[in-house]
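>>> following is a predicted model, sequence given first.
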Amino acid sequence: MIKSLIYIRIAAEAPAAYTIPLLEELKQQVTGITTFEFDNFSEESIRQYAIELLKQSQRVAIVVVTEGAPEGLLPASSSAKGVEDAVVSPAVPAGGAGAAGEPPITGLTTFFNRVLKVKPPRLLMALQGEQPLLQKMMQAAAGEYFYHNLEEQELKKVLEELFN
């Protein structure tokens with residue numbers, strides 16, 4: 001049985017290299033989990049790879065983290081200085097940019113439309129932070145298995161229950 005966790009970061013600027021403590025912990029605690037991460041600046045081919053992973057998986061969790069989410073769920077810079085000190089490249093102009101200061105999400109809406117079509121047997125989705133359009137799409141896809149703004153420990157618990 002393939003178990004997959006897809007972690008999506010939504011940011012106003014393209015991120016530098018980073019690690020995600022939540023993913024590192026789950027890799028150690030859940031046997032046989034496949035993790036895949038990307039952000040709202042990732043190319044279409046990356047999002048398509050995530051869809052292919054969904055098609056092959058029996059249990060899937062998609063965790064979307066926006067700016068303003070709880071600390072432990074945000075990526076830490078690879079230099080371990082923390083998110084505030086991470087070096088980021090300038091924002092890449094992309095279609096679908098929101099109002100001033102809001103990150104572009106056009107590629108992610110396309111991604112979630114595809115998730116609705118694929119819908120793996122066991123699908124859990126969690127949104128950490130605020131993104132109203134994606135929240136509606138994720139609720140439609142995951143139904144009662146949609147979670148919004150869980151504390152880090154609560155999120156770990158529901159993920160472990162899904163995968164174990």
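Now that the structure is in, tell me what you want to look at.

>>> hey, what's A126 bridged with?
Beta-bridge pairing for A126 (DSSP bridges): V63, Y147.

>>> what sits against it?
Going by CB atoms under 8 Å, 6 or more residues apart in numbering, A126 touches A61, I62, V63, V64, F146, Y147, H148, L150, L155, V158. Any C-beta I mention is one placed from the backbone N, CA and C, and that applies to glycine too.

>>> can you select the buried ones from the residues you listed in PyMOL?
Here is the PyMOL selection string for the buried members of those, based on 16 or more other CB atoms under 10 Å:
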select buried, resi 61+62+63+64+146+147+150+155
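
>>> name the nearest of the contacts of A126 relative to K55.
For the contacts of A126, the closest approach to K55 (CB to CB) belongs to I62, at 13.6 Å.

>>> sorry, back to before: for the contacts of A126, give me a markdown table that also has distance to N40 and pLDDT.
Shown next, in a markdown table, are those (distance: CB to CB, whole Å; pLDDT from 0 to 100):
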| residue | distance to N40 | pLDDT |
| --- | --- | --- |
| A61 | 19 | 97 |
| I62 | 14 | 97 |
| V63 | 14 | 97 |
| V64 | 9 | 96 |
| F146 | 19 | 97 |
| Y147 | 20 | 97 |
| H148 | 18 | 96 |
| L150 | 21 | 94 |
| L155 | 20 | 95 |
| V158 | 24 | 96 |
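
>>> between the contacts of A126, which is nearest E130?
Distances from E130 to the contacts of A126, taken by CB to CB, are shortest for H148, at 8.9 Å.

>>> which non-adjacent residue is nearest the closest one?
L127 (5.2 Å; CB to CB, 6 or more residues apart in numbering).

>>> please enumerate the strands of the protein.
Counting by DSSP state E, the chain has strands at residues 3-10, 18-19, 33-39, 59-66, 76-77, 122-128, 146-148.

>>> what is the burial count for the residue nearest to H148?
26 (other CB atoms under 10 Å).

>>> ok, it - contacts?
V64, T66, L134, Q135, M138, F146, Y147, H148, N149.

>>> farthest pair within these?
T66 and F146 (15.1 Å).

>>> and the residue lying closest to F38 once chain neighbours are set aside, how far from A141?
In space, and not counting its chain neighbours, F38 is closest to I46: 4.9 Å by CB to CB, 6+ apart. With the distance defined as CB to CB, to the nearest Å, I46 ends up 19 Å from A141.
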